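Enquirer: quick one: sequence plus predicted model below, questions after.
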Number of protein chains: 2
Amino acid sequence: VGVLGGGQLARMMAEAAVRLDVRLRVYQTSAEGPSSVLPDVHTGAWTDSECIDAFLAGCDVVTLDNEWVDLGTVVDRLPPDVSLRPGVETMNRVRDKIRQKAHMEAYGLPLGLYEGCHDRSSLDEVARRFGFPLVAKRPTHSYDGYGNRTVHDRTQLHAAFDELGGGGPLLVEQWVPFVQELAVIVARRPGGQAVAYPVTATQQRNHKCESVEVPAAVEHSVAELATELSLAAAEVFDCVGVVGVELFMLEDGRLLLNEIAPRPHNTGHYTIDACSTSQFENHLRAVLDLPLGETTLLRPAAAMVNVLGKRLGKSQSASLASALAVPGASVHLYGKDVVRPGRKMGHVTAVGASIEEARNRATEAARRLEL
Amino acid sequence: VGVLGGGQLARMMAEAAVRLDVRLRVYQTSAEGPSSVLPDVHTGAWTDSECIDAFLAGCDVVTLDNEWVDLGTVVDRLPPDVSLRPGVETMNRVRDKIRQKAHMEAYGLPLGLYEGCHDRSSLDEVARRFGFPLVAKRPTHSYDGYGNRTVHDRTQLHAAFDELGGGGPLLVEQWVPFVQELAVIVARRPGGQAVAYPVTATQQRNHKCESVEVPAAVEHSVAELATELSLAAAEVFDCVGVVGVELFMLEDGRLLLNEIAPRPHNTGHYTIDACSTSQFENHLRAVLDLPLGETTLLRPAAAMVNVLGKRLGKSQSASLASALAVPGASVHLYGKDVVRPGRKMGHVTAVGASIEEARNRATEAARRLEL
């Protein structure tokens, strides 16, 4: 299996690949990423045909570690017997968030109000129609708070257009008055067979995932609907592999889809330690068209807390011992040499008899990590 | 961390190393082993000083994937700031099974009757004293049925002396009329802090581990005593890292120690999928003198079944899909290119609400794997 992108997701896929005796090869654009420690890594530009050819030679399936990979050269050079999973149609529909929303809308999936704004007058028109606050997003390459911001007035909205739009359109969303953000990890095979993991409650800060608790403390009917909508979203995009689906829960229990990412997802990292089959193993099984593994929780509850950088500099792991001393905490470090404020450096998962127990353990271990 | 030996244990240690961001380097004597897929592998003879020096350069700690490693050159070349864990004293006491038994006996640990026989007359004397059947073992390099056999009469005993003794002494043990074989995985830090995993019931055939069930269906007091004896065994050998301890349970509930292996152990593979912290992660934590992780089971029961080779030839994984279709089965393949009858090719773990559920799943998935 070839993986485009050498971030922490490729690195965690590699852990799952070893046990299935699947050979994983990674293509990365920088020699410094979390996957640099893996045995079979090709480093080059997305447009370097020669390097891409060498990477593709011997692959049966090619998949992605992130949706912002520049696929042009890969698709051009892809030998006929090598499958790209998820496929290029899926990627094209997903990676432009305006197109993604339009596609979900076309299939009748519930969404908040949104508009792709191409000029300043449409900005003002949308602001009048939706009211402030609004969420402004760069349609592509926006993730973890990069390229996203909440705007509270006309000045901020126009500034976002200049700074995030980059000459192209800006995605403007009506602020959704959610009471809880939810996420569901789906794994889907080429034939359409799919499984969903339990519904998680996610805590975001500055548009970035901070922590995840599972199962989400929501009514059974809400969890069922969230699962149904997530499976439907994976289906309408014909996703193959793992898909992370983010949803908003409103006060009356109604759900709106926020966005999907056609790859293993930060909100699914808890599955490594808390489920029979991790999202990374199920991603590999799905792209290899192998039977999917069980998605149930092994313990009543689990919590995952991201370890974010708190400073700028070289990372160090002197605090690891202190974090490992927290009982039941599973620490995952991504091996990033450079720490930046807010950068995802690792995560901690804890399971427990209750959400409180799991949350306390994961939070305490993550707090102790100073990378 | 440097690992001497490139078998499946080093390979599974590598999975645990990635998440802790511990760099693992393997020294192997054959380029074809399970660890050949790892990123940092040195291949050479145990006596190749130059190759050993290159391997040792940059290591903080050196540990072992098996106890039959020829340590001479490593110990000679070991820089003063690099720790060998477990240490050379521990290894010398453990690797010769006659010496191992004498050491346990000296500390008052309960053992079956045994004798190191240096000549034919002592063979006959021991046979008269113990009675047949007897278990004959080569004192070193005996594992998984290699170098071990049960003998039923004087002719078989003398043949074992010729074929297994190899000019040195033969370990002769009185047959222990056990009703159950048990095993306990212990992880121990340099300072002596130690944790034990739950007591497992193991099924052996031809002196080779076939399957493991956990928790063992024994009285609480028996499980407590097994844990105590196992911690004591790790202590008297001053083991650092993970130790697999094998015990016999007699009909009256009494326990005898069989033997110990100062490394991650086949009977502890279930911990990867069934416990918060795998034996491989706790081995790394222990040799790095980091706090040890929780050893409790995540589900009420787990079972592990070895996948043994059934033929001689090149291995192939066409049956993987069929095995993955068994719900709740976690399949682990070791990537061995050549299959031989009885060779350990992989294992399957399943967890469940009961031993029966776990056993049925693991057995069915293992049965489906034709490697």
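Expert: The structure has been received and is ready for your questions.

Enquirer: which helix or strand contains A:Asn92?
Expert: Secondary-structure assignment from DSSP states H and E places A:Asn92 in helix A:88-95.

Enquirer: next structured bit after that helix?
Expert: Per DSSP H and E, helix A:88-95 leads on to helix A:97-106 as the next helix or strand towards the C-terminus.

Enquirer: so which elements touch that next one?
Expert: Of the remaining helices and strands, those touching helix A:97-106 by 3 or more Cβ pairs under 8 Å, 6 or more residues apart in numbering or on different chains; DSSP states H and E are helix A:88-95, strand A:114-117, strand A:170-174, helix A:220-236, strand A:255-261. From N, CA and C alone the C-beta is placed, and that goes for glycine too.

Enquirer: related to what we said a few turns ago, not counting its own residues, what contacts the helix holding A:Asn92?
Expert: Counting by Cβ atoms under 8 Å, 6 or more residues apart in numbering or on different chains, helix A:88-95 makes contact with A:64, A:67-68, A:71, A:75, A:86, A:99-100, A:103, A:140, A:237-240, A:260-262, all of which sit outside it.

Enquirer: same check on stretch A:249-261?
Expert: By Cβ under 8 Å, 6+ apart, the surrounding residues in contact with stretch A:249-261 are A:67, A:94, A:97, A:100-101, A:104, A:109-112, A:143, A:176-182, A:218-219, A:221-222, A:225-226, A:229, A:233-234, A:237, A:239, A:243-248.

Enquirer: likewise stretch A:166-179?
Expert: By Cβ under 8 Å, 6+ apart, the list of residues contacting stretch A:166-179 from outside reads A:97-98, A:101, A:112-118, A:123, A:126-127, A:130-139, A:150, A:157, A:160-161, A:164, A:248-251, A:256, A:258.

Enquirer: now, of these, which are buried?
Expert: Buried by 16 or more other Cβ atoms under 10 Å in any protein chain shown: A:97-98, A:101, A:112-117, A:123, A:126-127, A:130, A:134-139, A:157, A:160-161, A:164, A:248-249, A:256, A:258, out of these.

Enquirer: quick check: closest non-adjacent residue to A:Leu64.
Expert: In space, not counting the residues next to it along the chain, A:Leu64 is nearest to A:Leu4; the distance is 4.7 Å by Cβ to Cβ, 6 or more residues apart in numbering or on different chains.

Enquirer: so what's that neighbour up against?
Expert: By Cβ under 8 Å, 6+ apart, the contact list for A:Leu4 reads A:Tyr27, A:Val62, A:Thr63, A:Leu64, A:Asp65, A:Val69, A:Leu71, A:Val74.

Enquirer: buried among these? Make that a PyMOL selection.
Expert: One line in PyMOL is enough to select the buried ones among those; burial here means 16+ other Cβ under 10 Å:
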select buried, chain A and resi 27+62+63+64+65+69+71+74
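
Enquirer: any idea which of the contacts of A:Leu4 is least confident?
Expert: For those, the least confidently modelled position is A:Val69, at 90, judged by pLDDT.

Enquirer: any idea how far B:His283 is from it?
Expert: In this structure, A:Val69 and B:His283 are 37 Å apart, going by Cβ to Cβ, to the nearest Å.

Enquirer: one more: A:Cys51?
Expert: Using Cβ to Cβ, which is the criterion applied here, A:Cys51 is 38 Å from B:His283.

Enquirer: more neighbours: which of the two?
Expert: Counting neighbours by other Cβ atoms under 10 Å in any protein chain shown for A:Cys51 and for B:His283 shows that B:His283 has the greater number, 30 against 17.

Enquirer: excluding residues flanking it in the chain, which one is nearest that one?
Expert: If you skip the residues right next to it in sequence, B:His283 has B:Val242 as its closest partner in space, 4.0 Å away by Cβ to Cβ, 6+ apart.

Enquirer: what's opposite that neighbour in the beta bridge?
Expert: B:Ala187 (DSSP bridges).

Enquirer: wait, doesn't it sit right on B:Pro264?
Expert: Yes - taking contacts as Cβ atoms under 8 Å, B:Val242 lies within contact range of B:Pro264: 4.8 Å.

Enquirer: who touches both of the two?
Expert: Contacts common to B:Val242 and B:Pro264, judged by Cβ under 8 Å, 6+ apart, are B:Ile185, B:Gln279, B:Phe280, B:His283.

Enquirer: and those, which two are furthest apart?
Expert: Of all pairs drawn from those, the greatest distance, 10.6 Å, lies between B:Ile185 and B:Phe280 (Cβ to Cβ).

Enquirer: what touches both of these two?
Expert: Residues touching both B:Ile185 and B:Phe280 (Cβ under 8 Å, 6+ apart) are B:Val242, B:Pro264, B:Thr271.

Enquirer: now the first one: how far from chain A?
Expert: To chain A, B:Val242 is 16 Å away according to Cβ to the nearest Cβ, to the nearest Å.

Enquirer: contacting residues around that residue?
Expert: The contact partners of B:Val242, by Cβ under 8 Å, 6+ apart, come to B:185-187, B:262-265, B:268, B:279-280, B:282-283, B:286.

Enquirer: any idea how far stretch A:210-225 is from the chain center?
Expert: Mean C-alpha position of stretch A:210-225 versus that of the full chain (Cα atoms, centre = their mean, to the nearest Å) differs by 18 Å.

Enquirer: now do the same end-to-end measure for it.
Expert: Stretch A:210-225 has an end-to-end distance of 24 Å (Cα to Cα, to the nearest Å).

Enquirer: okay, buried residues for that stretch please.
Expert: With the criterion 16+ other Cβ under 10 Å, stretch A:210-225 contains buried residues A:Ser211, A:Val212, A:Glu213, A:Val214, A:Pro215, A:Ala216, A:Val218, A:Val222, A:Ala223, A:Leu225.

Enquirer: just those residues: which are in strands?
Expert: Judged by DSSP state E, those include A:Ser211, A:Val212, A:Glu213, A:Val214 as members of strands.
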